[in-house]
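[1] What would the 3D arrangement of this be:
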Amino acid sequence: MTALVKAAPRLDIAVVTSALTTLEAWNPQQGAREGLWDWALSRIDVQHTDDQVISLARGMLKTTGLHGHKYAVDAVLAAVAVKMAGRGFEVTVFTSDVDDMDKFLADHRIRVERV
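    All right, here's what the predicted structure looks like:
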């Protein structure tokens, strides 16, 4: 992912994620890499979980029958992807949870890639 974030401006690609995803990805055991973390976040458009995103995520949880306790962060990331696609962006979601993300995005034309 670091290579993608680094190359994105040159390729005219926006890197977008949810604020919750940044929290989920944080690993306190990688404290020595905090500078890299800060650098990456400075180049990513972090979308906050506003009412529109929460409503989309809640609808996705309902449609899939998945519980928010376990799948809330994935649902929010999927909702951010749908929101960006609705703004006319071509969207690819990079995730380690391809199966879950495919469930959330089954009705949307959003590419899902394993990271």
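[2] Any idea what the residue lying closest to residue 115 once chain neighbours are set aside is bridged to?
    Excluding the flanking residues, the one nearest residue 115 by CB to CB, 6 or more residues apart in numbering is residue 94, at 4.3 Å. Glycine gets a C-beta too; all of them are placed from N, C-alpha and C. Following DSSP bridges, residue 94 is listed with bridge partners residue 113.
[3] Contact partners for residue 96?
    Neighbouring residues of residue 96 by CB atoms under 8 Å, 6 or more residues apart in numbering: 114-115.
[4] confidence score at it?
    Here, the pLDDT recorded for residue 96 equals 92.
[5] give me phi/psi at it?
    phi -90, psi -10 (degrees, to the nearest 10).
[6] List the buried residues in the helix or strand that contains residue 52.
    Following DSSP states H and E, one finds residue 52 within helix 51-64. Judged by neighbour count (16 or more other CB atoms under 10 Å), helix 51-64 contains these buried residues: 53, 56-57, 60-61, 64.
[7] quick one: contacts for the residue nearest to residue 115?
    Going by CB under 8 Å, 6+ apart, residue 94 touches 1, 4, 113-115.
[8] State the pair within those that is farthest apart.
    Spatially, the most separated pair among the contacts of residue 94 is 4 and 114, at 13.3 Å (CB to CB).
[9] Pick out whichever of those two has more residues nearby.
    When neighbours are counted by other CB atoms under 10 Å, residue 4 and residue 114 differ, and residue 4 comes out ahead with 14 against 10.
[10] quick one, the longest helix along the chain and helix 51-64 angle?
    Scanning the chain for the helix with the most residues, using DSSP state H, yields helix 68-86. Relative orientation of helix 68-86 versus helix 51-64 (axes from the mean of the first three to the mean of the last three CA atoms, to 10 degrees): 120 degrees.
[11] who touches helix 68-86?
    Helix 68-86 has contacts (CB under 8 Å, 6+ apart) with 14, 16-18, 20-21, 23-24, 47, 49, 52-54, 56-58, 60-61, 64, 66, 91, 93, 95, 97, 100-101, 104-105, 108-110.
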